[in-house]
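[1] Sequence isn't available, so here's the structure alone:
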């Protein structure tokens with residue numbers, strides 16, 4: 001039997017491409033936001049780094065901001081397997097205590113959140129790394145604002161070096 005005739009069983013295909021393909025079924029039934037209380041994050045959270053954003057137009061994060069965030073993670077020698085990205089816009093009625101209990105972060109970085117969402121009630125200036133009970137906290141402006149301003153990028157990088165001891 002040559003490799004030209006080799007076929008994988010259909011049951012194996014989804015396992016091989018579980019992070020590549022998305023079954024959208026009927027395009028009319030695609031949901032852009034979760035309708036249950038189940039927390040939907042992007043990433044595997046292997047290093048217990050919680051990234052919280054506020055994007056009212058996307059389930060997780062718009063493409064431009066996601067690309068910028070990917071560059072930030074890469075500079076910190078991290079990737080999406082290391083973090084959990086949570087769009088706070090989807091959890092306006094959820095308090096931070098329940099999010100913390102569910103994801104158990106060692107690091108929390110909030111991008112452009114205000115206390116109207118599920119940001120922890122922590123008084124902190126932007127780019128100030130704070131050590132809390134069981135995690136390190138960093139608050140920043142939105143990814144969009146940072147990506148468009150060189151000084152903001154420098155301040156973010158300085159804070160990330162301190163946060164992750166880079």
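    Structure's in. What do you need? For clarity, every value in this text was computed on a predicted model and none was experimentally measured. Numbering: from 1, shown residues only.
[2] end to end, how far does stretch 69-88 reach?
    With C-alpha to C-alpha, to the nearest Å as the measure, stretch 69-88 spans 16 Å from end to end.
[3] and that stretch, which residues are buried?
    Going by neighbour count (16 or more other C-beta atoms under 10 Å), the buried part of stretch 69-88 is 69, 72-73, 76, 78, 80, 82-88. Where you see a C-beta, it was placed from the backbone N, CA and C, and this is true even at glycine.
[4] And the strands in the chain, which stretches?
    49-53, 83-87, 107-111, 130-131, 136-140 (DSSP state E).
[5] Report all helices and strands that the fourth one contacts.
    It stands for strand 130-131. strand 136-140 (3 or more C-beta pairs under 8 Å, 6 or more residues apart in numbering; DSSP states H and E).
[6] Identify the residues contacting the strand it packs on?
    106-113, 119-120, 122, 124-131, 146, 156, 159-160, 163 (C-beta atoms under 8 Å, 6 or more residues apart in numbering).
[7] cool, and stretch 75-91?
    Residues contacting stretch 75-91 (C-beta under 8 Å, 6+ apart): 33-34, 39-47, 49-56, 58-61, 69-70, 73, 99, 103, 105, 110, 113, 117-119, 157, 160, 164, 166.
[8] partner residues bridging the residue minimising distance to the centre of the chain?
    The residue lying closest to the centre of the chain (C-alpha atoms, centre = their mean) is residue 85, at 1.5 Å. With DSSP bridges as the criterion, residue 85 is bridged to residue 42, residue 51.
[9] Just the buried positions in the helix ranked longest in the chain, please.
    If you go by DSSP state H, the chain has its longest helix at helix 150-164. Neighbour-count burial for helix 150-164 flags 152, 155, 156, 157, 159, 160, 163, 164 (criterion: 16+ other C-beta under 10 Å).
[10] Done for today, thanks.
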